[in-house]
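# A predicted structure for the sequence below; I have some questions about it.
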Amino acid sequence: MPIAQPQYPIRFTPKGLVDSLDATDKFPGACLALTNLVFDQSNPELMVSRPGAASITSFSGITTPGVVSVQITVGTRTYGMISSARNAGKDEPFSYNNDTNTFDTVSGITNANSPTTQPTTGAWTPPTMAVIGTQIIVTHPGFPGGATKFGYFDISTVGSPTWDAGDTATNALPSTPTAVANFANRAYYACGQYLVYSDVLVPRTVTNATQALTIGDTNTISALQGLPVQTSSSGVFQALMVFKAFQVWQVTGDSATSNLLINFLSLTVGTSSPRSIALSPRGLYFASIAGPYFIGQLGNVEAVTNSGQVTDPDIVSPFQNAVTPSRIAGGYSNGIYRVCMETIIRGTQAKNDYWFDERRRRWTGPHSFSYDCASQYSNYFILCSNDASGKLFKSQVIPDAGSAYTDNGVATSAILQSSTFPKTGRMTEKQVIESTIELAAAGQTTSYQIEAQDERETALDTVSVSVGGGGGLWGSFVWGDGTLWSRSTNRPGVYNVPWSLPLVFKKVALKITASSTTALAIGTFFARYQDTGYTNKEPA
């Protein structure tokens with residue numbers, strides 16, 4: 001029977017991921033976990049399943065393919081380096097055609113011009129790649145130095161790339177470069193604290209010994225990334241962002257036009273995570289030891305937050321607790337910045353993937369598929385993972401009718417765990433008997449396990465709600481065989497939550513678990529509570 005008056009409503013609609021155990025001082029709908037769940041782009045009150053990461057190639061043309069150490073997507077091709085048995089202990093260059101799902105033959109590969117394969121754990125200097133003209137320069141810590149400091153693809157003939165390694169002509173680089181980037185059609189090489197730049201469209205030639213910049217103090221440059229910069233007087237022009245562990249510098253202009261300049265953007269915030277840097281239409285995202293950061297097109301360096309009026313990021317703990325910052329990997333595609341890292345959250349170490357949705361300005365995660373390098377192709381990501389070596393994966397941002405919900409062939413589960421709510425000024429314990437939740441199944445039977453927890457994460461009750469079934473999707477049955485028609489869209493319905501006993505709590509949290517499918521959608525939870533006649537109950 002309904003609980004007696006007075007009654008107070010509780011509403012919970014999942015809105016985004018936070019570090020905070022309690023939602024009160026964050027925002028309504030704050031969650032501790034939105035695992036394998038993403039925002040429904042059409043319905044702001046719904047979370048739907050994250051599309052899985054499906055293998056697109058197993059490198060069948062390469063002998064004993066291993067870990068992909070670096071990759072970049074240029075046009076229809078994904079180029080990279082993979083450990084193989086071709087030259088034992090060395091990485092092999094590859095060129096993969098994403099349109100035809102075939103590999104181009106890369107000529108010129110020898111043991112001498114192939115870099116040594118690096119360990120897959122511990123701190124490292126990640127290899128980098130950049131396109132300048134018809135060449136792709138590859139920096140890699142496995143090159144020995146001396147006369148062989150970097151490698152390069154010649155893609156003058158896209159379907160028949162060639163490979164070689166060496167050093168810059170006329171003036172050699174001062175050391176094996178740790179990063180490379182294209183700026184003003186020159187290759188800019190990071191060599192310690194120095195930034196050496198090549199001739200225009202000739203990335204392997206440095207004609208003048210003066211083609212170098214000294215960046216700040218003696219600390220090593222950690223990463224390079226181009227960024228369009230907007231000014232009120234000159235419109236949009238190009239800049240190169242130069243990162244150190246705790247600094248960001250900006251290079252503009254060019255020596256040919258006598259306006260080459262260096263300015264610092266920050267002397268306190270930088271990155272030790274070169275692969276976390278991702279370019280979006282609005283600016284650069286990157287991982288800092290202090291949390292997720294962003295460089296806007298006006299040169300502002302600021303934390304990634306929900307709005308310009310908020311200074312506190314929703315999540316910082318994963319970044320602050322990153323086990324190996326130099327191995328953090330990130331990417332941007334179709335309004336999503338994603339970043340993967342091995343980290344420690346509430347005492348548990350795991351390799352987690354987090355997504356920041358630019359439209360909602362909120363995070364989801366931690367998602368279950370881990371990766372070590374990401375690039376964009378079409379409207380999805382191409383990923384490689386040390387945990388699933390010898391493969392490239394396709395990872396969609398937005399679900400569609402063809403989406404699969406397995407990671408490398410393994411079915412995934414969606415988990416929503418809210419922060420606790422509500423915190424009221426009446427100070428008494430609360431009791432709930434009646435509650436409802438919006439769920440969807442798109443014609444497919446979907447079972448949701450719903451658990452109510454108190455502020456100590458002790459289960460108060462656990463029930464199951466089955467949604468959908470009883471019909472077939474249009475086109476999946478023979479007309480006249482008696483099958484009833486079911487809709488294929490995720491239009492949610494409101495269902496009673498059949499608690500087996502009254503819920504008594506000071507603050508409550510929800511944990512909802514279901515198998516990831518195209519049918520899944522989780523919306524708003526409502527409950528009515530009544531104050532009890534006492535302030536606290538003793539912990540069990």
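Thanks, I have it.

# end to end, how far does stretch 447-465 reach?
Start to finish, the residues bounding stretch 447-465 are 6 Å apart (C-alpha to C-alpha, to the nearest Å).

# who's in contact with Phe294?
With contact taken as C-beta atoms under 8 Å, 6 or more residues apart in numbering, Phe294 is in contact with Arg282, Gly283, Leu284, Tyr285, Phe286, Val301, Glu302, Ala303, Val304. All C-beta spots, glycine's among them, are computed from the backbone N, C-alpha and C.

# Quick check: which of those has the minimum pLDDT.
Lowest pLDDT of the contacts of Phe294: Arg282, 91.

# residue contacts, that residue?
For Arg282, the contact set (C-beta under 8 Å, 6+ apart) comprises Phe294, Gly296, Gln297, Glu358.

# Would you mind measuring from it to Arg362?
Remark: distance between Arg282 and Arg362 (C-beta to C-beta, to the nearest Å) = 16 Å.

# before we move on, what about Leu501?
For Leu501, the distance to Arg362 - C-beta to C-beta - is 34 Å.

# Same check on Val200?
According to C-beta to C-beta, Val200 stands 43 Å off from Arg362.

# okay, the two: which has more neighbours?
Arg362 (23 against 16; other C-beta atoms under 10 Å).

# Could I get the pLDDT score of the nearest residue to that one once chain neighbours are set aside?
If you skip the residues right next to it in sequence, Arg362 has Gly16 as its closest partner in space, 2.9 Å away by C-beta to C-beta, 6 or more residues apart in numbering. With respect to pLDDT, Gly16 scores 98.

# Put the buried members of the contacts of Phe294 into a ChimeraX selection.
A single ChimeraX command selects the buried members of these (16 or more other C-beta atoms under 10 Å):
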select :283,284,285,286,301,303,304
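
# biggest separation within the contacts of Phe294, which pair?
Arg282 and Ala303 (14.5 Å; C-beta to C-beta).

# that older thread, what about the residue nearest to Arg362, how many residues nearby?
So Gly16, with other C-beta under 10 Å, has 22 neighbours.

# re the thing from before, what about the contacts of Arg282, which one has the most neighbours?
Going by other C-beta under 10 Å, Phe294 tops these with 18 neighbours.

# now that residue, nearest residue through space, not along the chain?
Of all residues not flanking Phe294 in the chain, Val304 sits nearest, at 5.1 Å (C-beta to C-beta, 6+ apart).

# Surely that neighbour and Tyr285 touch.
Yes: Val304 lies in contact with Tyr285 (C-beta atoms under 8 Å); the separation is 6.7 Å.

# which residues do those two both contact?
Pro292, Tyr293, Phe294, Tyr337, Phe356.

# So which of the residues you listed belong to strands?
Among these, the members falling in strands (DSSP state E) are Pro292, Tyr293, Phe294, Tyr337, Phe356.

# Out of these, the closest to Ala165 would be?
Ala165 lies nearest to Tyr337 out of those, by C-beta to C-beta, at 32.9 Å.

# and after the least confident helix or strand in the chain by mean pLDDT, which helix or strand comes next?
When each helix and strand of the chain is scored by mean pLDDT, DSSP states H and E, strand 485-486 comes last, with a mean of 42. Remark: after strand 485-486, the chain's next helix or strand is strand 493-496, criterion DSSP states H and E.

# For stretch 372-383, buried residues please.
Residues of stretch 372-383 classed as buried: Asp372, Cys373, Ala374, Ser375, Gln376, Tyr377, Tyr380, Phe381, Ile382, Leu383 (neighbour count, 16+ other C-beta under 10 Å).

# And the helices in the protein, which stretches?
For the chain, applying DSSP state H gives helices covering 317-320.

# middle-most residue in it, spatially?
Closest residue to the average C-alpha location of the chain: Arg338 at 1.7 Å, with C-alpha atoms, centre = their mean.

# Verify the stated contact: that one with Phe381.
Yes: look at Arg338 against Phe381 with C-beta under 8 Å: they come within range, at 7.2 Å.

# Quick check: neighbours shared by the two?
Both Arg338 and Phe381 are in contact with Gly331, Ala374, where contact means C-beta under 8 Å, 6+ apart.

# partner residues bridging Phe103?
Beta bridges link Phe103 to Tyr96, judged by DSSP bridges.

# Looks like it contacts Asn97 (just checking).
Yes: in this structure Phe103 lies within contact range of Asn97 using C-beta under 8 Å: 7.2 Å.
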